[in-house]
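A.B. asks: structure, please.
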Amino acid sequence: MEALRAVDGRAIPFGRENVDTDLIIPARWLKTISREGLGEGAFEALRASDPDNIFDQPEYTGAPILVAGDNFGCGSSREHAAWALLDMGIRAVIAPSFSDIFAGNAFKNGILTVALPQTAIDRLMEVAATDPISIDLEAQSVTTPFQDRFSFEIDPFRKECLLQGLDEVGLTLARDAAITDYETRLANARPWLARGTAAAA
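C.D. replies: Residues are numbered from 1 along each chain as shown. Below you'll find the predicted structure:
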């Protein structure tokens, strides 16, 4: 997972409330087990029904931030929703609240979810229409070129994992020396367990 310390750039001023994972990535895209190419299907229904939708406007191509409405990511628990956003280039989503499952999936895929009050969202929607937004994970702040500054809370463990670029595999590998030491001590103390494992294999 790529480390995330700051996210700077244009933000897509979406603002819609109760966006569920089916809107983010329709069920027909769930057949794939690859994370690549899902950006093409992101918000497919919305794009098909509205030729002037925000996601296909050239000024937001490659925008790393999405500003959304309350209860973002509700609905089913599909991890493909986080994969689709990441494939679009989204590294952070700012909204008043998130579905717990979506927030967990986003975190595991290196996407920062920032919860801010609706008044802050309204201001960021206004700024995003014309100017970039900056998110500083270390300082836990969102700023604009107009001296707006909004602080946000984040679980310390999730913050450290994002800063270090550590997913679940990375966290396990970081403890490789301790795991190896434990397995060596266990094999010496209870060799019959090691023999049993080798025999079973």
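A.B. asks: how much space between residue 30 and residue 98?
C.D. replies: With distances defined as Cβ to Cβ, to the nearest Å, the gap from residue 30 to residue 98 amounts to 20 Å. For glycine as for every other residue, the C-beta is placed from the backbone atoms N, C-alpha and C.
A.B. asks: so which elements touch the lengthiest helix in the chain?
C.D. replies: Of all the elements of type helix in the chain, the one with the most residues (DSSP state H) is helix 176-189. Under the contact criterion of 3 or more Cβ pairs under 8 Å, 6 or more residues apart in numbering; DSSP states H and E, the helices and strands touching helix 176-189 comprise helix 191-200.
A.B. asks: average pLDDT across the helix it packs on?
C.D. replies: Predicted confidence along helix 191-200 averages 61 (mean pLDDT).
A.B. asks: next one: stretch 66-75
C.D. replies: The predicted model assigns stretch 66-75 a mean pLDDT of 97.
A.B. asks: also stretch 23-32?
C.D. replies: Per-residue pLDDT values over stretch 23-32 give a mean of 90.
A.B. asks: for that stretch, which positions count as buried?
C.D. replies: Residues 23-26, 29-30 are the ones in stretch 23-32 that count as buried (16 or more other Cβ atoms under 10 Å).
A.B. asks: for that stretch, what is the distance to the chain centroid?
C.D. replies: The chain centroid and the centroid of stretch 23-32 are separated by 17 Å, computed with Cα atoms, centre = their mean, to the nearest Å.
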